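Enquirer: Fold the following for me, if possible:
(one chain, ligands or ions: 1)
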Amino acid sequence: MINADDVSSNTWISRHEVMQPKVVDDLEVSTLEAGRTHLLALTLLENAAARPIRLPLLVARGSTAGPTFGVTAAIHGNEVNGIRVIQALFEHIDPKKLRGTLIGAPIVNLPAYIRYQREYPDGQDLNRIMPGRANGNEAQLYAHLLMQRLIGHFDYLVDLHTASFGRVNSLYVRADMSNELTAMMARQIGAEIIVHNPGGDGTLRAAAAAAGVHAITVEVGDPQVIERPLVRKSRIGLRDLLEDLNMVDPDGERNEHAAIECGRSYWLYTDTGGILRLRVALRQELSAGDEIARLIDPWGQLLRTYTAPEPAIVVGMATNPVARAGARIVHLGVIAQPR
Ligand SMILES: [Zn+2]
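Expert: Modelled structure (predicted):
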């Protein structure tokens, strides 16, 4: 019998050699050797024990010149699918054949990630306060340093998210579709739904755009899980985008690009409390008046029926049936007129 305390009998554990990341205080890509992928730990600030908080970064510096393309994940600390998307993308990039630089920041909100939570430890949503403030409070300072030390280096940015707890999403993109470049980026990812959203709301995407970075947001599945099919699809879509930007040569894999494009989107909320029963599925197309959900009381009596106010597609929806007044029901996208 194996005694777990007896180290000599721990034959079920194999220990693998890993490279130690290089600690850097600033991201100076020009000092990194070309044609290689570098593992970095970027110092952002210090915790209350006066120890540095360092972001894990992957940097593939190509052999030839080209743009700098950044991919970020887990700015909401529990949105972990994107971590694996970034790692998988780098496994499919040969830096010797890369034109330009690919930078992956798999865990942007590191303090939240280690707490399995969405918000920064002070309770603020980092993706509502970008670009932060140099002399600001905890989350504002962190946001500011992210912009200065990381995001400011990018020409392009894809920010990976997931749904929040109690909700599910389709694979969908938010982008300013009135901008030719970000519209192209949105279409190349291979999402199921694209929602036009000009930004300007304290998000990383909006702050990056204001700093001259072409940025889109991609929602990949559910929080606190790694979903292999969605990871694979997102990884292929990101590489497709690098192909279209002429940073890499085409490989054999390519996503189907047939996203449904929505001109706008919004959430419907309950107007009273109860138990929510959804009557729709993700990506279902609805006509005005189609039933979306029922709300019942603890005795099983029907309180409300919610219907589609206009023709729309289900982009995301609640999974938590316990609905307080004002709870999210569905995220509806209004399909744009064919151009
Ligand atoms: Zn998010």
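Enquirer: Please go through the chain and pick out the longest helix.
Expert: In the chain, with assignment by DSSP state H, the single longest helix is helix 228-244.
Enquirer: got any ranges where the stretch 51-200 of the chain has weak pLDDT?
Expert: Counting by pLDDT under 70, the stretch 51-200 of the chain has no low-confidence residues at all.
Enquirer: Get me the contact residues on it for the ion.
Expert: 76, 79, 161 (CB under 5 Å from the ion). To be clear about C-beta, it is placed using only N, CA and C from the backbone, and glycine gets the same treatment.
Enquirer: Now do the contacts for P131.
Expert: Contacts for P131 (CB atoms under 8 Å, 6 or more residues apart in numbering) come out as 143-144, 147, 207, 210-211.
Enquirer: Quick one: which of those is the most crowded by neighbours?
Expert: A143 (28 neighbours; other CB atoms under 10 Å).
Enquirer: all strands of the stretch 1-150 of the chain, in order?
Expert: 22-24, 36-46, 52-61, 64-73, 99-105 (DSSP state E, counting those that start in this stretch).
Enquirer: Ok, the stretch 151-300 of the chain next?
Expert: 156-161, 167-169, 172-175, 193-196, 214-219, 260-269, 274-278, 285-286, 291-296.
Enquirer: how about the ones you listed, which one is nearest A312?
Expert: strand 285-286 (5.3 Å; CB to CB).
Enquirer: I'd like to know how many residues surround G316.
Expert: 23.
Enquirer: Wait, it touches V168, no?
Expert: Yes. Using CB atoms under 8 Å, G316 is in contact with V168, at 6.4 Å.
Enquirer: any residues in contact with both of these two?
Expert: L282.
Enquirer: rewinding a little: I'd like the residues of the stretch 51-200 of the chain next to the ion as CSV, with distance to T11 appended.
Expert: Conversion of these to CSV gives the following (distance: CB to CB, whole Å):
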residue, distance to T11
H76, 39
E79, 36
H161, 41
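Enquirer: For P309, grab the count of nearby residues.
Expert: Neighbours of P309 (other CB under 10 Å): 14.
Enquirer: What is the neighbour count of R283?
Expert: Per other CB under 10 Å, the neighbour tally for R283 reads 15.
Enquirer: One more: A139?
Expert: 24.
Enquirer: Isn't V322 up against I275?
Expert: Yes. Using CB under 8 Å, V322 is in contact with I275, at 6.8 Å.
Enquirer: who's more crowded, these two?
Expert: Set V322 next to I275 and count neighbours by other CB under 10 Å: I275 wins out with 14 against 11.
Enquirer: got a list of what that one touches?
Expert: Residues in contact with I275, defined by CB under 8 Å, 6+ apart, are 295-298, 321-323.
Enquirer: Look at it and report its pLDDT.
Expert: Listed pLDDT for I275 reads 98.
Enquirer: so it bridges to which residues?
Expert: Note on I275: beta-bridge partners I296, V322, judged by DSSP bridges.
Enquirer: which other residues reach stretch 19-30?
Expert: By CB under 8 Å, 6+ apart, stretch 19-30 touches 38-43, 54, 56-57, 59, 61, 68, 101, 103, 149-150, 153.
Enquirer: Separate out the buried members of those residues.
Expert: 38, 40, 42-43, 54, 56-57, 59, 61, 68, 101, 103, 149-150, 153 (16 or more other CB atoms under 10 Å).
Enquirer: Kindly indicate which of those residues lies nearest the ion.
Expert: Ranked by distance to the ion (CB to the ion), these are led by L150 at 17.1 Å.
Enquirer: My guess is that closest one contacts V71. True?
Expert: No. With contact defined as CB under 8 Å, L150 does not reach V71; the gap is 11.3 Å.
Enquirer: what residues are shared contacts of these two?
Expert: The contact sets of L150 and V71 overlap at 103, 105 (CB under 8 Å, 6+ apart).
Enquirer: and this structure, what are its domains?
Expert: 19-244, 266-335 (automatic domain parsing).
Enquirer: Need the winner for burial among those.
Expert: Of those, the one with the most neighbours on average (mean count of other CB atoms under 10 Å) is domain 19-244, at a mean of 20.
Enquirer: closest to G252 out of the domains of the chain?
Expert: Nearest to G252, of the domains of the chain and by CB to CB, is domain 19-244 at 10.1 Å.
Enquirer: Distance-wise, check L150 relative to W267.
Expert: 30 Å (CB to CB, to the nearest Å).
Enquirer: what's near enough to touch L145?
Expert: Residues in contact with L145, defined by CB under 8 Å, 6+ apart, are 44-45, 132.
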